[in-house]
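*Asks:* Build me a model:
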Amino acid sequence: MRSSTYRLPTLMLIPVLSALQAGCDLGEQQRLALGTLERDRVALTATVDEVLVDLPVARGTKVVKGTVLARLDDRQQRAQVDRSKADVAKAEANLRELQNGPRAEEIAAARAQVAGAEAALREAAITYERNLELRKSNSVSQAEVDKTLALRDSAEASLDADQQNLDELLAGTRVEDIQQAEAELAAAKAELAYQQALLSDLTIAATRDGVLDNLPWNLGERVTAGSPVVILLAGSQPYVRVYVPEPFRVRINQGDSLTVQVDGLEQTFTGKVRWISSEPSFTPYYGLNESDRSRLVYVAEVELPASAADLPNGVPAQVLMP
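*Replies:* Presented below is the predicted three-dimensional model:
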């Protein structure tokens, strides 16, 4: 019996080869983690409600840390700072006065006041004693005696008050008064620092090197507190934010080097994994069956080398899975 070899017609081979090629392409696609080029977005917000008066830098400009990007009206805040400075000066003067104690002139004046009160008391006492003797002979009325007695007691009380004032001056400032003045000065300085911080916040500067991406407010608009005034794309080169398929998660760790392909470029880049999520996206893993589990993805960030510094944000990119 003669054996024969069966050959497929040429037209029938084409679909088979196409299917095999499609299977290979599908396998390659499954090894790619898709994503886009990104940079860290830094939102610089307003701390108070004020009018936007200056935007010195245009969108898309590369800036360095410290570059002034926007200014808000600071007239009202400058007045508040001046008021706080005056409060600090007043508190400092009060503390110095307490620390230095009473002046010699104040003590001399207090001594003279005590001497005058002593003289007044002696005169009032003599008058009372004389009227008391005259009352025995009915030369003065009892009412006159009572009046001079009240005058004597009043003079005695005035002398006690003046003497206590002199003793207080001679004893100097109490420690408690100095401590209270020091606390008032510290509070005034803290308030000044707070107001100066608010003033500096009205001049918005870049906190990192990067590119000025967006200015949500126009000149002359009153910016609301807490809203972004400047959007900055930070970093000298972008990174790729990709979604790693679940079957490849165990093969990727922070610090691994991976091949990155950017749409529109023939060359590839070697990127380093700077972060990968430990939590899957979408449905929790414990709620999935075995077939669905492979559809989970993990967000990862792959940092590109310095040669990719000029690449723009938002361009699609792919990372080849190990």
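
*Asks:* mind checking pLDDT for the residue lying closest to Ile231 once chain neighbours are set aside?
*Replies:* Setting aside the residues directly before and after it, Ile231 is nearest to Asn214 in space (CB to CB, 6 or more residues apart in numbering), at 4.0 Å. From N, CA and C alone the C-beta is placed, and that goes for glycine too. Among the per-residue scores, Asn214 shows a pLDDT of 94.

*Asks:* Over to Pro322?
*Replies:* At Pro322, the pLDDT value in this model is 88.

*Asks:* How many neighbouring residues does it have?
*Replies:* If you count neighbours by other CB atoms under 10 Å, Pro322 ends up with 11.

*Asks:* you'd agree it is up against Arg249?
*Replies:* No: if you go by CB atoms under 8 Å, Pro322 and Arg249 don't touch, sitting 11.2 Å apart.

*Asks:* For the longest helix belonging to the chain, buried residues please.
*Replies:* Among all segments of the chain classified by DSSP state H, the helix with the greatest residue count is helix 104-136. The neighbour-count check on helix 104-136 (16 or more other CB atoms under 10 Å) flags 110, 113-114, 117-118, 120-121, 124-125, 127-128, 131 as buried.

*Asks:* pLDDT on it, on average?
*Replies:* Confidence over helix 104-136, taken as the mean pLDDT, stands at 86.

*Asks:* Which other helices and strands does that helix contact?
*Replies:* Other helices and strands packing on helix 104-136, by 3 or more CB pairs under 8 Å, 6 or more residues apart in numbering; DSSP states H and E, are helix 142-171.

*Asks:* what about whatever helix or strand comes next after the helix it packs on, average pLDDT?
*Replies:* Read in the C-terminal direction, the helix or strand following helix 142-171 is helix 175-201, with elements assigned using DSSP states H and E. In this model, helix 175-201 has a mean pLDDT of 94.

*Asks:* Beyond helix 175-201, next helix or strand please.
*Replies:* Sequence-wise, the next helix or strand beyond helix 175-201 is strand 203-205, with elements assigned using DSSP H and E.

*Asks:* what pairs with that next one, and is each one parallel or antiparallel?
*Replies:* Sheet pairing of strand 203-205 (DSSP bridges) gives strand 68-72 (antiparallel).

*Asks:* chain center to the partner strand: distance?
*Replies:* Here the centre of mass of C-alpha atoms in strand 68-72, compared against the chain's by CA atoms, centre = their mean, to the nearest Å, lies 17 Å away.

*Asks:* Can you give me the buried ones in the helix or strand following that strand?
*Replies:* Per DSSP H and E, strand 68-72 leads on to helix 75-100 as the next helix or strand towards the C-terminus. Of the residues in helix 75-100, 77, 80-81, 84, 87-88, 91, 95, 98 count as buried by neighbour count, 16+ other CB under 10 Å.

*Asks:* could you dump stretch 80-100 to CSV, C-alpha only?
*Replies:* What follows is the C-alpha trace of stretch 80-100 in CSV, where atoms were taken according to Å, rounded to 0.1, in the frame of the first residue of the first chain:
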residue,chain,number,x,y,z
GLN,A,80,-1.7,93.5,59.7
VAL,A,81,2.1,92.8,59.9
ASP,A,82,2.8,96.5,60.9
ARG,A,83,0.1,96.2,63.7
SER,A,84,1.7,93.1,65.0
LYS,A,85,5.2,94.7,65.0
ALA,A,86,3.7,97.6,67.0
ASP,A,87,2.3,95.1,69.6
VAL,A,88,5.8,93.5,69.8
ALA,A,89,7.4,96.8,70.4
LYS,A,90,4.9,97.7,73.1
ALA,A,91,5.4,94.3,74.9
GLU,A,92,9.2,94.7,74.7
ALA,A,93,9.0,98.2,76.3
ASN,A,94,6.7,97.0,79.1
LEU,A,95,9.1,94.1,79.8
ARG,A,96,12.1,96.4,79.9
GLU,A,97,10.3,98.8,82.3
LEU,A,98,9.6,95.9,84.7
GLN,A,99,13.1,94.6,84.5
ASN,A,100,14.7,98.0,85.1
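
*Asks:* residues making contact with that stretch?
*Replies:* Residues from elsewhere that reach stretch 80-100, judged by CB atoms under 8 Å, 6 or more residues apart in numbering: 173, 177-178, 181-182, 184-185, 187-189, 191-192, 195-196, 198-199.
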